[in-house]
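Visitor: below is the sequence, then the predicted model.
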Amino acid sequence: MSIWEYANPKKFIATTAPVIPWAFGGAILCIVVGLIWGFFLTPDADRFGSTVKIIYLHVPSAMIAINGWIMMLVASLIWLIRRHHVSALAAKAAAPVGMVMTLIALWTGAVWGQPMWGTWWAWDPRLTSFLILFLFYLGYVALWEAIPDPDQAADLTSVLCLVGSVFALLSRYAVYFWNQGLHQGATLSMDSEQHIADVFWVPLVVCIAGFILLFVALVLMRTGTEIRLRRLRALERQAQRAAA
Amino acid sequence: MKALLLRDLRLAVRAGGGFGLSLAFFLIVTVLVPFAVGPEADTLSRIGPGVLWVGALLATLLSLDRQFALDHEDGALPLIATSPLPLEAVALAKAVAHWLTTGLPLTLAAAPLGILLNLEGASFPWLVLTLALGTPALSVIGTFGAALTVGIKRGGLLLSLLVLPLYVPTLIFGAEAARRGAMGLEVATPLLMLAGITLGALALLPFAAGAVLRINLR
């Protein structure tokens, strides 16, 4: 019994299919509860007013955007090393989800920045690195779309993901060097004292849990779709060969 | 490797290669900027180093897709791949050839073009130095991008989309060093980072480029 058993597409689908509705349900429950709690049942922050409430969308989507890329990196490595197709397809499935999360983070950030900083956009290091992350997602998805042969596409995008990760990290430090910004420091982190009050923190954690479940559900579902799509193509080819 | 390098250089210079093309592109971009932002000397000399950096970067990008695409079209690439030379070395040779025919001329051309943008005297050495340090990184990163998209029909636009985000750190440190040098500020940090990126890219990216070439030729 090892984790690699789930690299079998059949076993993967059989295992994840029952999980998906639960993950979706949990995601919807957490997000609805977290947002209602956050929007209506918390006091306005003294410095930010009611605008602070957008963090219940902003922070979770930003976390998923970064961790989604890390998940793609791990999946790409597994594909390059162990050649499990499910892994490559999971990376492919995660990319558009992560890209949309990046967009949500950028958009909610702009909406929040307008009343707080008086500007929709500033060339702040955090904002800039997120924009660059978005460009990396864009290139990754575009490369998947451009190559017809699935195995070749999986190989090339995996290498791009590895190289891109190094450069994304470099860019992050480069933009911090380039410009000191407006954005506040990390809101949540494991190793520091808590930065925000409990009243905001608890609904935020609920929202983050909801976004994580949503990401998991979407990626599992999209991976299943990719597996079925590929099986369908194989069947079509077989049928063509039989007819010819 | 030397033979391949010489062959690429000869091809670039002679048979309608992009040798003069990227230089002409660089010139045109530089000429267009004052039309767009206005002819005030102060503005131009302030944004000059950055404009020349972006211009050099775009000019580098312009000539990337012919790096492997031409060899791929006429079937020379599989022949090169079957030679005893490893593909990693092929990628490195291509990158060096690309730099000698694009990066180096662009670096040298940046100084006369700086006059057009009314650069101050102190800016010139820094601009040329940062470009000399940074353009090899642009060539190597671009070679990786070109190797990645070699099998794709009309991959030029995709190549730009893939390569431009990878150029961000080089551009930031390069333009920052040039800007700081022009203003007489401390330049050691961005300069060292720029050199570090170039050396790191030179050391590592040929392996990535070789790997994707191997996948593309499978």
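Guide: That came through, no problem.
Visitor: in the host helix or strand of A:L57, what counts as buried?
Guide: Using DSSP states H and E, A:L57 falls within helix A:55-82. In terms of neighbour count (16 or more other C-beta atoms under 10 Å in any protein chain shown), helix A:55-82 has its buried residues at A:55-69, A:71-73, A:75-80. C-betas here are computed from N, CA, C, even on glycine.
Visitor: over to stretch A:214-225?
Guide: For stretch A:214-225, burial by neighbour count (16+ other C-beta under 10 Å) applies to A:214-224.
Visitor: from these, which land in helices?
Guide: Counting by DSSP state H, the buried residues of stretch A:214-225 place A:214-224 in helices.
Visitor: quick one: the helices in chain A?
Guide: Ranges of helices in chain A, per DSSP H, are A:9-40, A:55-82, A:85-117, A:125-146, A:150-178, A:198-243.
Visitor: got the contact list for the helix-or-strand element of chain B with minimal mean pLDDT?
Guide: Across the helices and strands of chain B, mean confidence by mean pLDDT, DSSP states H and E is lowest for helix B:2-13: a mean of 76. Contacting residues not belonging to helix B:2-13 are listed as B:17-19, B:70, B:80, B:85, B:90, B:93-94, B:96-98, B:100-101 [C-beta atoms under 8 Å, 6 or more residues apart in numbering or on different chains].
Visitor: where does chain A dip in pLDDT?
Guide: Within chain A, the set of residues satisfying pLDDT under 70 comprises A:1, A:44-49, A:180-199.
Visitor: for chain B, what are the nearby residues on it?
Guide: Selection of chain A residues close to chain B by C-beta under 8 Å from any C-beta of the partner chain yields A:132, A:135-136, A:138-139, A:142-143, A:146-147, A:152, A:155-156, A:159-160, A:162-164, A:167-168, A:170-171, A:173-175, A:177-178.
Visitor: list buried residues within the residues you listed.
Guide: A:132, A:135-136, A:138-139, A:143, A:146-147, A:155-156, A:159-160, A:163-164, A:167-168, A:170-171, A:174-175, A:177-178.
Visitor: give the contact list for A:K53.
Guide: Counted by C-beta under 8 Å, 6+ apart, A:K53 has contacts A:38-39, A:42.
Visitor: out of those, who's the most crowded?
Guide: A:G38 (22 neighbours; other C-beta atoms under 10 Å in any protein chain shown).
Visitor: how close does B:L27 sit to B:L117?
Guide: With distances taken as C-beta to C-beta, to the nearest Å, B:L27 is found 12 Å from B:L117.
Visitor: actually, A:A242.
Guide: Using C-beta to C-beta, A:A242 is found at 68 Å from B:L117.
Visitor: settle it for me: which of these two has more neighbours?
Guide: B:L117 (25 against 7).
Visitor: and the residue nearest to A:L89 when sequence neighbours are not counted, what does it touch?
Guide: Sequence neighbours aside, A:E226 is the residue nearest to A:L89 in space, at 4.1 Å (criterion: C-beta to C-beta, 6 or more residues apart in numbering or on different chains). Residues near A:E226 by C-beta under 8 Å, 6+ apart: A:89, A:92-93.
Visitor: in PyMOL, how would I select just the buried ones from those residues?
Guide: Selection of buried members from the contacts of A:E226 for PyMOL, criterion 16+ other C-beta under 10 Å:
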select buried, chain A and resi 89+92+93
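Visitor: which among the contacts of A:E226 gets closest to chain B?
Guide: For the contacts of A:E226, the residue nearest chain B by C-beta to the nearest C-beta is A:K92; the value is 16.0 Å.
Visitor: and the residue lying farthest from the centre of chain B, what pLDDT?
Guide: The C-alpha centroid of chain B is most remote from B:E40, which lies 29.2 Å away (C-alpha atoms, centre = their mean). On pLDDT, B:E40 comes in at 83.
Visitor: ramachandran angles for it?
Guide: The phi and psi torsions at B:E40 (degrees, to the nearest 10) take the values phi -60, psi 130.
Visitor: helices of chain B, start to end?
Guide: Assignment of helices within chain B using DSSP H yields the ranges B:2-13, B:19-37, B:41-62, B:66-73, B:76-82, B:87-98, B:104-116, B:123-148, B:156-183, B:188-216.
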